[in-house]
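**Q** Next input, structure requested:
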Amino acid sequence: MARVFITGSADGLGQMAAQLLVEQGHSVVLHARSQQRGRDALSATPGAESVVTGDLSSIAQTQAVASQVNRLGHFDAVIHNAGVGYREPRRDETEDGLPRVFAVNTLAPYILTALIWKPKRLVYLSSGLHQSGDATLQDLAWKDRPWQGQQAYSDTKLHDVLLAFGIARRWPEVFSNALEPGWVATKMGGPGATDDLDAGHRTQVWLAVSDDPAVTVTGEYFYHMKTRRPHPSTRDTERQERLFEICKSFSGVSLPEN
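**A** Model prediction:
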């Protein structure tokens, strides 16, 4: 039995992954933005161990989530599932002066990775849209660029792969991988999505707990339980380090070297 923490597990793919893990006999800690959503998450996933709460668009609340998780002890896997979608019509600024899509999709997984006690496995949710992400890492706060919601989202999904691969390089004892769940009919994906919803969450679970030799790897990118080639820039170690430095400058949180 493994112990797994999943961000954004009050609904969507995160909730489906949590439910499947519980069915398989694993211990699961959920995450939700608020106390009410936390209660709803526990009701939707009977058998979950507990829930932690905090809005990942806030640096302070994200740090508090990490503290809550650490008080519960060590985990075998952390799934960074929480995300803001690609249809944000405007630059929705957080309390820290950052675009919400960047704060939730990029900065929060960085902070949680840095602060949660190191698990055996890390799983980061990306997207096929990461292939259109801006690899220059310029103006991540969208202060100078005119806002484009899909581009902002694509950028952050590229960041998630950079984060996964950078961690795999820095922490060789941890299996750190990224995946794309496909365009699936969740609240984020919308009702017109055409990809296989079931395969999306099963890949998360597989990467988090399976003993299959195909997943006892690190620094890889997956789609529906198979490796897929990510954007070439994600293998650039200098770019990985640059993203770490940017996230540190925004958050004040340093990533442990090892």
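**Q** where along the stretch 101-250 of the chain do the strands fall?
**A** With strands called from DSSP state E, counting those that start in this stretch, the stretch 101-250 of the chain shows them at 121-125, 175-180, 221-223, 226-227.
**Q** In CSV, list these along with mean pLDDT and distance to residue 55.
**A** Every C-beta, even on glycine, is put in place using the N, C-alpha and C of the backbone. Below are the strands of the stretch 101-250 of the chain laid out as CSV (pLDDT from 0 to 100; distance: least, CB to CB, whole Å):
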stretch, mean pLDDT, distance to residue 55
strand 121-125, 98, 18
strand 175-180, 97, 24
strand 221-223, 96, 28
strand 226-227, 94, 34
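**Q** Buried ones in stretch 117-130, by neighbour count?
**A** 119-130 (16 or more other CB atoms under 10 Å).
**Q** Next, the distance between the ends of it.
**A** 28 Å (CA to CA, to the nearest Å).
**Q** For residue 137, give me its contacts.
**A** Residues near residue 137 by CB atoms under 8 Å, 6 or more residues apart in numbering: 239, 242-243, 246.
**Q** what's the burial count for residue 57?
**A** Residue 57: 25 surrounding residues under other CB atoms under 10 Å.
**Q** Please apply the same query to the one 3 residues further on.
**A** Using other CB under 10 Å, the number of residues around residue 60 comes to 11.
**Q** Check for me that residue 42 belongs to a helix.
**A** Yes. Per DSSP: H, G, I helix; E, B strand; the rest coil, residue 42 lies within a helix segment.
**Q** does the closest residue to it other than its chain neighbours count as helix, strand or coil?
**A** Closest residue to residue 42 apart from its sequence neighbours, by CB to CB, 6 or more residues apart in numbering: residue 51 at 5.4 Å. At residue 51 the chain is in strand, as set by three-state DSSP.
**Q** Give me the pLDDT for residue 51.
**A** pLDDT for residue 51: 98.
**Q** Return the distance of it relative to residue 123.
**A** As judged by CB to CB, to the nearest Å, residue 51 and residue 123 stand 19 Å apart.
**Q** can you check residue 212 too?
**A** Counting by CB to CB, the gap from residue 212 to residue 123 is 14 Å.
**Q** wait, residue 122 sits on residue 80?
**A** Yes. Here residue 122 reaches residue 80: they are 7.2 Å apart, a contact under CB atoms under 8 Å.
**Q** what do those two both touch?
**A** Shared contacts of residue 122 and residue 80, defined by CB under 8 Å, 6+ apart, are found at residue 113.
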